[in-house]
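Peer 1: Sharing a model that was predicted from the sequence below.
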Amino acid sequence: MPRRDRAPRAPFDSLGPLDTAIPISTGTARLTVETDGSVLLDVNGVPSSHLHPDPEHLVFEYMRWMLQVIDLHLEESDEERAAQLAHLGGGGCSLPRAVASRHPRARQIVVELDALLAERVREWFDLPRSPRLRLRVDDARTALADWREDRFDVLVRDVFAGSVTPPELTGLAAVRDAARVLRPEGLYLVNCAAPPGTRLLADEVATLSAVFSHVGVIAEPAHLTGKRRGNCVLLASQRPLPDGIDRALRSDAVSVRLARQDRVLALARAGTVLGGD
C-alpha cells in the first residue's frame, strides 16, 4: 500500500512554488504552508505576512489588535458613506484582506514598494479587486506626501526595511502628513517594533503627541516597559479614541491592554520628537 501524502495543502489555488526562494523586485520571497492550511510569507528572510484560509483569522497578534480598533472606529463612522482606508506597507495584505471581509463596503488602497511582490500576492491569495482593494506600487513616504488632505478615515503604517521602520516614516514631517490626509475624525494606526533598551517607543509616542490630540498604546506589559522586543500598536487621532478598545482586547489570546493615559503621557515626556526642529 503506498504511503499517504501527509504534506499540508493550502486552500489557495494559485500559490507559487513552496519552500523555495521566489524572485521579487527587492530580493526574494518564500511561501511556507502550515498544518492548518495557512501560508507564511517571508520577504528577504523576514516574516512579512501570515494568511489563513479564513481571511478574518489574523495570526500576527498586532494585526488582530488593529482590526479590533478599526472595527470599533468604523462602527462610530458615517454608515451612509463607504469608509476609505489606506495602508502604508503591503506584503501579503493580511490586514486589508481581513478588513475587506469584515467591511465589504470599505474602499482600501495598499502601498507596496515591491512591484513583483504586489503582482504575485494578488494572484497567490486571491485578493479582492479594485475598488474594494487597490494596490499602488510606490514608496510609502512618496505616496503619503502625494495624497490630498482629508481623504481617509483610517491610515495604517506597517512598513519595514528588514526589521526597522525607515526613519522618514517615523519623523515629525511624516506624522504631519498622516494628520493632513486623514479626515478630522480619522484614525492613524502605527506598528511600532521597538528593540529592548531603546527609546523608540517613547520617541514615537512623543512625535505622535506633537501632532495629534489623542494618542494611545496597545502593548504587552514587557513591551511597554522596554524589556522585550515586540510589536506595539500606536493609535492617534484628533478626536477621542473609539470606546471599548480595552474591553475588546481582553478577548485576545495574548495578555495585552490599552495603556493607561498616565502611562502614555509619561512615555511622551520621556521621548524626543523625531525629526523635530
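Peer 2: Sure, I can see it.
Peer 1: can you map out the strands along the stretch 51-200 of the chain?
Peer 2: Applying DSSP state E, counting those that start in this stretch to the stretch 51-200 of the chain gives strands spanning 84-88, 107-112, 133-137, 152-157, 182-194.
Peer 1: Export these to a markdown table and append columns for mean pLDDT.
Peer 2: Below are the strands of the stretch 51-200 of the chain laid out as a markdown table (pLDDT from 0 to 100):
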| stretch | mean pLDDT |
| --- | --- |
| strand 84-88 | 98 |
| strand 107-112 | 98 |
| strand 133-137 | 97 |
| strand 152-157 | 98 |
| strand 182-194 | 94 |
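Peer 1: low pLDDT regions in the stretch 51-200 of the chain?
Peer 2: For the stretch 51-200 of the chain, the stretches with pLDDT under 70 are 78-80, 197.
Peer 1: Tell me which stretches of it form helices.
Peer 2: For the stretch 51-200 of the chain, applying DSSP state H, counting those that start in this stretch gives helices covering 61-75, 94-102, 115-124, 140-146, 172-181, 200-209.
Peer 1: For Phe152, which of these is the nearest?
Peer 2: Nearest to Phe152, of all the helices of the stretch 51-200 of the chain, is helix 172-181, at 5.7 Å by CB to CB. C-beta: built from backbone N, CA, C; applies to glycine.
Peer 1: What is that closest one packed up against?
Peer 2: Helix 172-181 is packed against helix 140-146, strand 152-157, strand 182-194, helix 200-209, strand 230-237, with contacts defined by 3 or more CB pairs under 8 Å, 6 or more residues apart in numbering; DSSP states H and E.
Peer 1: Ser49: which of the ones you listed is closest?
Peer 2: Of all these, strand 182-194 comes closest under CB to CB, at 12.3 Å.
Peer 1: Output the contacting helices and strands for the closest one.
Peer 2: So strand 182-194, by 3+ CB pairs under 8 Å, 6+ apart, packs with helix 61-75, strand 152-157, helix 172-181, helix 200-209, strand 230-237.
Peer 1: roughly how far apart are the closest residue to Gln84 other than its chain neighbours and Pro184?
Peer 2: Of all residues not flanking Gln84 in the chain, Phe152 sits nearest, at 4.9 Å (CB to CB, 6 or more residues apart in numbering). Phe152 sits 12 Å away from Pro184, going by CB to CB, to the nearest Å.
Peer 1: neighbour count winner among these two?
Peer 2: Set Phe152 next to Pro184 and count neighbours by other CB atoms under 10 Å: Phe152 wins out with 23 against 9.
Peer 1: Just to check, that one is in contact with Val181?
Peer 2: Yes. Using CB atoms under 8 Å, Phe152 is in contact with Val181, at 5.7 Å.
Peer 1: which neighbours do these two share?
Peer 2: Ala86 (CB atoms under 8 Å, 6 or more residues apart in numbering).
Peer 1: Go ahead and flag the most central residue of the protein.
Peer 2: Central residue check for the chain by CA atoms, centre = their mean: the C-alpha nearest the mean position is that of Asp158, 4.2 Å away.
Peer 1: how close does that residue get to Asp150?
Peer 2: Asp158 is 22 Å from Asp150, by CB to CB.
Peer 1: Could you do Thr20 as well?
Peer 2: According to CB to CB, Thr20 and Asp150 sit 45 Å apart.
Peer 1: Kindly report the same for Val233.
Peer 2: Remark: distance between Val233 and Asp150 (CB to CB) = 24 Å.
Peer 1: If you count surrounding residues, which of those two has more?
Peer 2: Remark: of Val233 and Asp150, Val233 carries more neighbours, 26 against 11, as counted by other CB under 10 Å.
Peer 1: Checking my notes, His223 in a helix, right?
Peer 2: Yes. Counting by DSSP: H, G, I helix; E, B strand; the rest coil, His223 is located in a helix.
Peer 1: residues touching the residue lying closest to it once chain neighbours are set aside, list them.
Peer 2: Sequence neighbours aside, Gly230 is the residue nearest to His223 in space, at 3.9 Å (criterion: CB to CB, 6+ apart). Residues near Gly230 by CB under 8 Å, 6+ apart: Ala193, Ala194, Ala219, Glu220, Ala222, His223.
Peer 1: do Arg30 as well
Peer 2: So Arg30 contacts Asp19, Thr20, Ala21, Ile22, Leu41, Asp42 (CB under 8 Å, 6+ apart).
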